[in-house]
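**Q** take this sequence and fold it.
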Amino acid sequence: MKTLTTLIAALAAAPFLITATASARAETEPVVRDDAMPAISGGIEIVVGVSAAKTVGDAGGGMDAGDLVGSATEVAFELGRRVTPNLTLGLYSTAQGNAEGSTATRDVYTGAAGLEADFHLRPGFALDPWISVGAGLRGLLVDEDGYTILVGAELARVQLGLDLRVNEHIALAPVVGATATLYGAQKTPMADFAELTDKGIEWTFSAGVAGRFNVLGTRR
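**A** So this is what the prediction gives:
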């Protein structure tokens, strides 16, 4: 996890480094120039991200989410349409594998999918901060002497990011996020799906980087 965190930090810093000037006056000039950039409207938007994630809280049924999942690497894929320069509507999916809760005899996996809306605050500039809000379904699988499966709802998935637009089609962004999950049903090796007792809220916090790719549409 320390290696992953170092890698993410290096990737997040890369856009700043590659835009630094080589002139003698570089020390007095901004590393990243916030130039005007054509705003995107219409077309397809694809986002791929990787984050270091930490899960805490109550998974329900007397299970501690921190012990069950803990830290993990999360990958995300998003597909949407840039309805206006300020708004993207689309689908998201996430997956975590090899979670900290995994042991020599237990493997833990979790994933989610849902709907989201991205709100871009400065779509006509090279530096474009945004907020993403979504909700969907989430599942948790524990492979230990058979399968235990939890299913429930991602009540809210919120992310904050800053697009560093490389050109009209590509942007890189550091991203932080938080997700609240409520599991409602459980299947164990001994019993089929049934309502989960003692429901609680599971929280997942993440920090990482994402690449945004825009195809088709218009540039204003």
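**Q** how far away is the nearest residue to residue 200 once chain neighbours are set aside from residue 197?
**A** The shortest distance from residue 200 to any residue other than its chain neighbours is 2.5 Å, reached at residue 58 (Cβ to Cβ, 6 or more residues apart in numbering). Yep, even glycine has a C-beta here, placed from its N, CA and C like the rest. Computed as Cβ to Cβ, to the nearest Å, the residue 58 to residue 197 distance reads 12 Å.
**Q** cool, residue 173 as well?
**A** 40 Å.
**Q** more neighbours, these two?
**A** residue 173 (23 against 9; other Cβ atoms under 10 Å).
**Q** now that one: how far from residue 218?
**A** Distance from residue 173 to residue 218, by Cβ to Cβ: 22 Å.
**Q** look up the closest residue to residue 116, ignoring the ones flanking it.
**A** That would be residue 134: by Cβ to Cβ, 6+ apart, it lies 3.0 Å from residue 116.
**Q** just want the most central residue of this protein.
**A** residue 76 (5.3 Å; Cα atoms, centre = their mean).
**Q** within the helices and strands, which one has that one?
**A** strand 71-84 (DSSP states H and E).
**Q** and that strand, which strands flank it?
**A** Sheet pairing here is set by DSSP bridges, and for strand 71-84 it gives strand 44-60 (antiparallel), strand 87-97 (antiparallel).
**Q** mind listing the helices for the protein?
**A** 2-18, 65-68 (DSSP state H).
**Q** any idea which of those scores lowest on pLDDT?
**A** Lowest mean pLDDT within these: helix 2-18, at a mean of 44.
**Q** ok, back up a step: adding mean neighbour count, mean pLDDT and distance to residue 106, write the strands paired with strand 71-84 out as CSV.
**A** Shown next, in CSV, are the strands paired with strand 71-84 (neighbours: other Cβ atoms under 10 Å; pLDDT from 0 to 100; distance: least, Cβ to Cβ, whole Å):
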stretch, mean neighbour count, mean pLDDT, distance to residue 106
strand 44-60, 21, 93, 14
strand 87-97, 19, 94, 13
